[in-house]
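Participant: Structure of the sequence below:
(one chain, ligands or ions: 1)
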Amino acid sequence: MSRIVYVNGEYLPEDAAKISVFDRGFLFADAIYEVTSVLDGKLLDFEGHMRRLHRSLGELEMEAPCEDAALEAIHRELMVRNALSEGLIYLQVTRGAADRDFLYPEGVAPSLVMFTQAKGLRVSPAAERGTKVVSIPDQRWARRDIKTVQLLPSAMGKMAAKKAGADDAWMIEDGFVTEGTSNNAYIVTKDGTIVTRDLSNAILHGITRASVLTFAREAQMKVEERAFTLEEAKGAAEAFFTSASSFVMPVVEIDGQPIGAGVPGPVATRLREIYIAEALARAS
Ligand code: PMP
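Facilitator: As a prediction, this is how the structure comes out:
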């Protein structure tokens, strides 16, 4: 099954799509990305993803490849051409192709690549049984708020988790959890408060995080945005993580230690239902 992907103005079979060997995304990881989920043929949290895309572009002094309306149209065209009703759409902007030099080139057009990934998101065996995470040192750079394609530390973390028989890893810095390798981390305290790290350059500003916190507050749930330690997480009533590809995902074990009752907790389970219903209601 060959997909139709988008590369710099063209819709092409995936085997025919090409990027220059001089592309700075390839040579310097000089590129940013977004992943938007598709459910029932609708784009979830699309405005949030566009907002963060512009923030990443701005922080790196990178030009936008086109207007937001054109980006939205490409998302929708890829959904149609690939008959995608549930899954993900990946978007990557690189600074473009130029002879290898650390300095940003002038007058070079950015590259835009987009593709779809079909994936069941709503029905999730992992969400039903809960996931296991291991803790690892956070070895990433200091600007984790910019969504760049420098993802080797996260790939290494996921491999370490897999080798340990776990599903994912949570990263630790100075004793505190920063975030998951590709998601934001949360705990629920014994008094039912949802705790997740406050926004700074230490973590990616998750779009799912922003929506989940809004919906939780709307549902009168108590939310605290602050750092928490690995020890606090291990003693919490519940733990979970969020991302565009996992929505709200319960964590039932950290470093081999069961969290709460060792099964998906009521807060995470309810938040998953609320997120899916509310994100869909606000999507188009
Ligand atoms: N943190 C990291 C490090 C991530 O890679 C991701 C997903 N790309 C997230 C958090 C979650 O962000 P979002 O909810 O926007 O998918």
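Participant: domain parsing for the chain?
Facilitator: Per automatic domain parsing, the domain ranges recorded for the chain read 4-118, 125-282.
Participant: Off-centre distance for the first one?
Facilitator: Domain 4-118 has its C-alpha centroid displaced from the chain centroid by 15 Å (C-alpha atoms, centre = their mean, to the nearest Å).
Participant: That one - what's its average pLDDT?
Facilitator: Confidence over domain 4-118, taken as the mean pLDDT, stands at 98.
Participant: same thing with stretch 202-221?
Facilitator: 98.
Participant: Over to stretch 272-280?
Facilitator: In this model, stretch 272-280 carries a mean pLDDT of 98.
Participant: Mind listing what's buried along that stretch?
Facilitator: 272, 274, 275, 276, 278, 279 (16 or more other C-beta atoms under 10 Å). Backbone N, C-alpha and C define where each C-beta goes, glycine included.
Participant: same thing with stretch 234-245?
Facilitator: Neighbour counts over stretch 234-245 (16+ other C-beta under 10 Å) mark 234, 236, 237, 238, 239, 240, 241, 242, 243, 244, 245 as buried.
Participant: Toward the C-terminus, what is the element adjacent to the helix or strand containing residue 80?
Facilitator: Applying DSSP states H and E as the criterion places residue 80 in helix 68-81. Moving toward the C-terminus from helix 68-81, the first helix or strand encountered (DSSP H and E) is strand 87-94.
Participant: What is that following strand packed up against?
Facilitator: Packed against strand 87-94 by the contact rule (3 or more C-beta pairs under 8 Å, 6 or more residues apart in numbering; DSSP states H and E) you find helix 24-28, strand 31-39, helix 46-59, helix 68-81, strand 111-118.
Participant: touching the ligand at all, stretch 116-136?
Facilitator: No. Using C-beta under 6 Å from any ligand atom, stretch 116-136 stays clear of the ligand, coming no nearer than 11.9 Å.
Participant: Same question for that stretch: list its buried residues.
Facilitator: 116, 121, 124, 127, 130, 131, 132, 133, 134, 135, 136.
Participant: What parts of the stretch 51-200 of the chain come near the ligand?
Facilitator: With C-beta under 6 Å from any ligand atom as the criterion, the stretch 51-200 of the chain meets the ligand at residues 179, 182, 183, 184.
Participant: What is the burial count for the second one?
Facilitator: Residue 182 is flanked by 20 other residues according to other C-beta atoms under 10 Å.
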